[in-house]
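Engineer: Dropping the sequence and predicted coords here.
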Amino acid sequence: MTTPNVSNDLAKTYDPAAVEGRLYAHWEASGFFHEEPDPARPPFIIAMPPPNVTGRAHLGHGSTYTPMDVLTRYHRMLGDNADWLPGLDHAAIATEAVLVRELAKEGIARDALGRQGFIDRAWEWSRTYGGTINEQFRTLGFGPDWQRERFTMDEGLSAAVRKVFVELYREGLIYRGKRLINWDPKGKTTVSDAEVDHVERDAHLWHVRYPAKDGSFSITVATTRPETMLGDTAIAVHPDDERYATLIGKHVCMPLTMREIPVIADSAVESGFGTGAVKVTPAHDPTDYEIGQRHDLPMPSIMDFDARISGAEIDVGAYGGLERYEARARIISDLRASGHLVKEEPYRHAVAISERSGEVIEPLLSLQWFVKMKPLAEPALQAYRDGRLRFVPERYGRTYETWLENIRDWNISRQLWWGHQLPVWYTPAGDVIVAETEEEARETAKRRFDTLELTRDPDTLDTWFSSGLWPFSILGWPEKTPELACWYPSQVLITGWEIIFLWVARMVMLGLHFVGQVPFPTVFISPLVFDAQGRKMSKSLGNAIDPMDLVGRFGADAFRMGILRQMRLEGQEIRFQESRCEEARNFNNKIWNATRYLLALPEGLPRAMTLPKPSELTLADRWILTRLHDTIEEMSRLFDAFDFGNAAETIWRFVWYEFCDWYLEATKAEPNRATRAAVMSFVWNNAMRLLHPIAPFITEEVWLALPHDGATIMTATWPDPFEVPVERAAADAFAALQRTVERVRNLRSEMGLAPKQPLTLLVPGNVPNDLAALLALFTVGTLERTAETGASLEEALGAVEGRAPLELLVERYRKEAIRLRAEVERGERKLGNEQFIAKAAPDVVTKEREKLDGYRIELQKVEAALAATGERV
RNA sequence: GUGCGUGUAGCUCAGUGGGAGAGCACCACCUUGACACGGUGGGGGUCGUAGGUUCAAUCCCUACCACGCACACCA
């Protein structure tokens, strides 16, 4: 007789804080995350989307970066040449904004500091605070190859940026031009179309009358932006609009300065909206710009980069110098006074907002640099259409396609200091020199323009320009490195759908153009994280959850499991529930205690991965091994399909509801003790490996405590289903046993028996002893053998009954008979339907027959039992 | 306006052309060789509404309603 001997080494409650930091430091110091290119093995490469250097971990990283870590760990265990390549993005606008704020606190203006001083500060700041998010990633258990960490402003990556710029320029795909751009008056820079949001806002629609000079007629237009009237160069109406047909070609006066402008016809005008006539301000509105181009209209700018009215190009009357909203108010009041304001109505419409600063975008005409997109987009579309690039879920492919089909040129110059300065120089005569280095620029200047006096373009490149090169720039491109040879293209890109345009499409275009292959064959789009009510998480709403806080309370493993279990393959959002992390913490505790039980088995554990002879395996052994086999196949399938939610659910079920609830309990019965140590050790070792990609820490801790081979579970092999014996018949028999146990437990409960009060079990003689013992164990029953019943084990188990008070049994039998009669009736109705027999699939009909037969037999039995009790009454 | 997604138990969500599921919450009982961050049992849903296809619809189709998202030059 052995007494329980729970290992004193292991606390009763799992404490992630005591494990996670220690293991991570060990992994990193041991170089387990690092990998060298190895053409002999299949590559599994993920380029980490570089977080902003200003960034902090948020729940979105849970849903996008956890899957990357999971897949990298999974493929490493599969023996692939797996590497996850990390890095940071210099995040021009965001970083510059942070710095400007910091400087303001010290009372320093950006311009006073000067360009070089500012950049020095930015570098200093990046080095000091920029690593924060990487530390947080370590806390979350993310294991990228830190030795390969890159920064978009690194010298190598910057050289790649310059090379790409120069090549695109020489190919005519980058050009400089005066175009209408999106100006962010707060960030004091241009932003690309992809960085502009359209937000519904309450505003006004003002109807303004434009009179003819002689007063013989007038035209009224509707506008939401009266301040732009100063730059009007035409009034447009639809060519088919009869109301205005006679006025086309005539002139009216813009009432603020009484400047004459023509009335023109353009089909872009909707006659049904407003008055059917529209003012045209080509320099300050995208539609008007196009109309202006079609009609060759003058395009005077009336607003400067501070969003103030400016008379530099045209007479703006008394409004010069006014801020745009002041000007609007003044103009409205003047128009009202002069009788030109006909009508004023509240109006809700979409306003263009800078994604970054939240400021209302001002469309301005400005000399900027652009990338010609159509020639780049075409191959990127082709790659998608012929299947070289696919999206998971598929529907996001259509988003990508639509965007590329309608793509417009990309404004890439930014009026910021922090970023890659354009490799562009100008001679005093205004000649443009584009070169990879200043030396090269000087040589060209000397040779072609006979000058050495050069001014470099002060602008920097859109951050996404360097991010677009990420998949190959981090591998050393344009050098022909082993990394580039082995690891480009990568295997999958994982990101959120909000940056398909900003980033994914651009990587595909530039990757195809410069390396000749799509940078990744598959894009997995992970869901965005919202709060439990479906609201976006934000600081202002106060509903933001800090992952670090969750890790502190539940552990990194629980955080990862908690969020993965909420992921659904087709879902576009997660309504995050913190309780899922708590459940996962409980799950880990379950694992911990099952491990304590296992380690405390009095007989001890054998060498790793040694199973008893097949003939010695008990029914429970065969069942759990079969379940393990199926779980391994399922986990591999689900990881391969990016179905992380179901993967998490699958291993959860196996570990908790099968291994702990049934198998571990079964090992407490005498007939199962001989083989249990080996089988449990084997199964648990496999289970930890299956769970490791999701919960790296606890699995390592447990695996190391179990008999194992190797230094770390990280490089242990992924479980192989062929190493696990399968026995369907035994698995089915055990499942029948489970159903019987549940039935008897229900009876106990109805009898009001306390869990420890024994119940007499009436077990047919043809139920084998080991099964009978399990029944007794699971139901706290004492066995009483009865006559053999039924031909199969299932039938015999179906006949197992507990000895209960007569009234109770009668009641149960009655209820059971009612249920069964309903089932029989339903089956008979179905099978009595000739249409069903004739048209339904044969196997469906057969199954239905078998079901009906089964119900009939059960019903007979129950009715017989009922009758028998009746006789005894 | 166009396109996409979602409506299933009180909550968050799985799922299937042929007997409605999980977790949490709730109720009852329980310190059973590890675990109360635990065990066992239980109650609870006309599967958004209305049609259609089908022998059979929660699942497929159509319309509508509600919510969310993306795109869009209606000033």
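Structural biologist: It's in.

Engineer: Could you use CA atoms for every contact and neighbour count after this?
Structural biologist: OK.

Engineer: Alpha carbons of stretch A:305-312, in CSV - could you do that?
Structural biologist: Extracted in CSV, the C-alpha atoms of stretch A:305-312 (Å, rounded to 0.1, in the frame of the first residue of the first chain):
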residue,chain,number,x,y,z
PHE,A,305,0.7,75.4,-45.6
ASP,A,306,-0.5,76.8,-42.3
ALA,A,307,-4.1,76.6,-43.7
ARG,A,308,-4.3,80.4,-43.8
ILE,A,309,-5.8,82.4,-46.6
SER,A,310,-3.0,83.7,-48.8
GLY,A,311,-3.1,86.3,-51.6
ALA,A,312,0.1,85.1,-53.2
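
Engineer: That stretch - what's its average pLDDT?
Structural biologist: The average pLDDT within stretch A:305-312 is 93.

Engineer: Of all the residues in it, which ones are buried?
Structural biologist: A:305-311 (16 or more other Cα atoms under 10 Å).

Engineer: Next up, the contacts around the spatially closest residue to A:Gly87 that is not a sequence neighbour.
Structural biologist: Counting by Cα to Cα, 6 or more residues apart in numbering, A:Gly87 lies nearest to A:Arg150, which is 4.4 Å off, once chain neighbours are set aside. The contact partners of A:Arg150, by Cα atoms under 8 Å, 6 or more residues apart in numbering, come to A:86-88, A:474.

Engineer: of all the residues you listed, which two lie farthest apart?
Structural biologist: Farthest-apart pair in the contacts of A:Arg150 is A:Leu88 and A:Ile474; separation 11.0 Å (Cα to Cα).

Engineer: The strand or helix carrying A:Thr869: how far from the chain's middle?
Structural biologist: Using DSSP states H and E, A:Thr869 sits in helix A:842-872. Taking Cα atoms, centre = their mean, to the nearest Å, the mean C-alpha location of helix A:842-872 is offset from the chain mean by 51 Å.

Engineer: does RNA strand B sit close to that helix?
Structural biologist: Yes - contact between helix A:842-872 and RNA strand B, assessed by Cα under 7 Å from any atom of the strand, occurs at A:844, A:848, A:851, A:855.

Engineer: Can you point out the buried residues in that helix?
Structural biologist: A:845, A:848-849, A:852, A:855-856, A:858-859, A:861-863, A:866.

Engineer: just stretch A:103-117 next, same as before
Structural biologist: Here stretch A:103-117 shows A:103, A:110 as buried, counting by 16+ other Cα under 10 Å.

Engineer: Then stretch A:697-713?
Structural biologist: So, applying 16+ other Cα under 10 Å, buried residues of stretch A:697-713: A:697-704, A:706-708, A:713.

Engineer: what ranges do the helices span in the stretch 151-300 of chain A?
Structural biologist: Assigned by DSSP state H, counting those that start in this stretch, the helices in the stretch 151-300 of chain A fall at A:155-170, A:286-295.

Engineer: could you show me where the strands are in the stretch 101-250 of chain A, in order?
Structural biologist: A:150-151, A:174-184, A:189-191, A:196-211, A:218-223, A:234-237 (DSSP state E, counting those that start in this stretch).

Engineer: Could you tell me the angle between the second one and helix A:286-295?
Structural biologist: Spelled out, it's strand A:174-184. 140 degrees (axes from the mean of the first three to the mean of the last three Cα atoms, to 10 degrees).

Engineer: Report whether strand A:174-184 contacts RNA strand B.
Structural biologist: No - Strand A:174-184 stays clear of RNA strand B (Cα under 7 Å from any atom of the strand), getting no nearer than 12.1 Å.

Engineer: Distance to RNA strand B, mean neighbour count and mean pLDDT added to the helices of the stretch 151-300 of chain A, as TSV?
Structural biologist: Listed next are those as TSV, based on distance: least, Cα to the nearest atom of the strand, whole Å; neighbours: other Cα atoms under 10 Å; pLDDT from 0 to 100:
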stretch	distance to RNA strand B	mean neighbour count	mean pLDDT
helix A:155-170	24	19	98
helix A:286-295	5	18	92
